[in-house]
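In: Here is my input; please provide its structure:
(one chain, ligands or ions: 3)
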Amino acid sequence: MGEIKRIGVLTSGGDCAGLNAAIRGVVMRAASYGWEVMGIRHGTEGLTRQPTEALLLTPDKVERWLTLGGTLLGTINRGQPFQVTLPDGTVHDRTLDFAEGCRELELSAIVGIGGDGSLKILHDLMTKVGLPFVGIPKTIDNDVAATEQSIGFDTAVNIATEALDRLHFTAASHDRVMILEVMGRDAGHIALHAGIAGGAHVILIPEIPYKLEVVSQAIRDRQAAGKAFSVVIVSEAVCTSGGDVVTQTQAFGECRLGGIGQYLAQELAQSTGAETRVTVLGHVQRGGVPSPLDRLIASAFGVEAVDLIARGEFDRVVTWQQRQVVSVPILEAISHCRIVDPGDTLLKTARGLGICLGDQ
Ligand SMILES: Nc1ncnc2c1ncn2[C@@H]1O[C@H](COP(=O)(O)OP(=O)(O)OP(=O)(O)O)[C@@H](O)[C@H]1O
Ligand SMILES: O=P(O)(O)OC[C@H]1O[C@](O)(CO)[C@@H](O)[C@@H]1O
Ligand SMILES: [Mg+2]
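Out: Ligands and ions are numbered 1, 2, ... in the order given. Next comes the predicted model:
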């Protein structure tokens, strides 16, 4: 690769808190090498559109992006760049458009900030185009393999914890069972972390199959002990007792997880006699000001991603491991979805605290 003059940075997948802090880290560090940074709009789409949609990001421009929620570059979490259905019904592969966009902007490398889904797509795209690539993991789901923490997870856990704190008061006031449904896709990390931090009495995650009777009994035991209220946190991918995933179809046909909280509310009202209410936390978990930890991780990832490019170490993803930024081959980071491990120390903590996980 010749001398680097300009690199690109993009965000892809669902937004989360800390994306702008990561972009800022990339821009600040690139400036120290004398490189320009182009911020690509709407994931890879900014490169495939004609004219291309990208903006020059300077340290002055991004200086105050540290605390801003969402992504100022825009993002995308639906569709497929290799099979885009055009208005006339034909299917188009955007790879060549993407390559053309990279050439037009004279990019020497790209930093892609995304979750597992986006990193897979970006890896395929970059391999086909032959452009150096470094990935930064972000996602409230915390399901990217190899990293203990992805950007956005800590903020989401803080928000879910605060929601539980608030629900305790109203639950106790009305002697109700309050159910908080949280995001996380197939991983129960948000529910497990927030459930413990927020003092939930029941934590249901997709990794641990539950029995309705076990959950009801835990609530009835509390009632019998004079505690008429309970607080339950449930991950969106937890199934019904019949094993069905609960989903909702959105406009444009996308299917998204959602609704298990309502199902549990009906079942638990019947089996415990308690009034039940559901709070679906939804996109509140993704928005807002990033926590200090997310700002730290995002900044550290941004700096290291640029350093990797400077050292010519490509096709790698930066990860957070025991308070160090460590890079791993991208194939390792996208090898599997990191769900809650059966040996996770927090499962032991939850059981030790007497929290019902629905299985025993
Ligand atoms: N370059 C792209 N062009 C078109 N669609 C894309 C592109 N990159 C990603 N997508 C769409 O976005 C989805 C991204 O995957 P996913 O929704 O799992 O997000 P993610 O990157 O894992 O982040 P998160 O899980 O936090 O939302 C892909 O499945 C695909 O539908
Ligand atoms: O933004 P959308 O399309 O509603 O996607 C929601 C999904 O994205 C995430 O927020 C992040 O992957 C999931 O937790 C959730 O299932
Ligand atoms: Mg994902």
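
In: quick one, strands of the stretch 151-300 of the chain?
Out: Along the stretch 151-300 of the chain, counting by DSSP state E, counting those that start in this stretch, strands occupy 176-182, 202-204, 230-235, 247-249, 255-257, 275-280.

In: Gln83 touches Thr95, doesn't it?
Out: No. Between Gln83 and Thr95 there is no contact under CB atoms under 8 Å: 10.8 Å. C-beta here means a position set from N, CA and C on the backbone, and glycine is covered the same way.

In: now the helices for the chain?
Out: 19-32, 45-48, 59-62, 95-104, 116-129, 153-174, 189-197, 212-224, 260-272, 292-310, 330-333, 345-352 (DSSP state H).

In: Would the fourth one count as contacting ligand 1?
Out: When you say that, I think you mean helix 95-104. No. Using CB under 6 Å from any ligand atom, we find that helix 95-104 stays clear of ligand 1, coming within 7.9 Å at best.

In: For that helix, the averaged confidence score.
Out: Averaged over helix 95-104, pLDDT sits at 96.

In: Only the buried residues of that helix, if you could.
Out: Thr95, Asp97, Phe98, Ala99, Glu100, Gly101, Cys102 (16 or more other CB atoms under 10 Å).

In: The longest one now?
Out: Within helix 153-174, the residues that count as buried by 16+ other CB under 10 Å are 153-161, 163-164, 167-168, 171.

In: again, but for the first one
Out: Residues of helix 19-32 classed as buried under the neighbour-count rule (16+ other CB under 10 Å) are 19-31.

In: okay if I get these as a markdown table plus distance to Thr319 and pLDDT?
Out: Shown next, in a markdown table, are those (distance: CB to CB, whole Å; pLDDT from 0 to 100):
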| residue | distance to Thr319 | pLDDT |
| --- | --- | --- |
| Leu19 | 17 | 98 |
| Asn20 | 20 | 98 |
| Ala21 | 17 | 98 |
| Ala22 | 13 | 99 |
| Ile23 | 18 | 99 |
| Arg24 | 20 | 99 |
| Gly25 | 15 | 98 |
| Val26 | 16 | 98 |
| Val27 | 21 | 98 |
| Met28 | 20 | 98 |
| Arg29 | 17 | 98 |
| Ala30 | 20 | 98 |
| Ala31 | 24 | 98 |
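
In: Going by distance to ligand 2, which of these wins?
Out: The closest of those to ligand 2 turns out to be Leu19 (CB to the nearest ligand atom; 12.4 Å).

In: The closest residue to ligand 3 within the chain: how many residues sit nearby?
Out: Nearest residue of the chain to ligand 3 (CB to the ion) works out as Gly115 at 3.4 Å. The number of residues packed near Gly115 is 26, by other CB atoms under 10 Å.

In: For it, give its distance to Gly2.
Out: 32 Å (CB to CB, to the nearest Å).

In: just to revisit the earlier point, so which of the buried residues of helix 19-32 also contact ligand 2?
Out: Within the buried residues of helix 19-32, nothing lies near ligand 2 by CB under 6 Å from any ligand atom.
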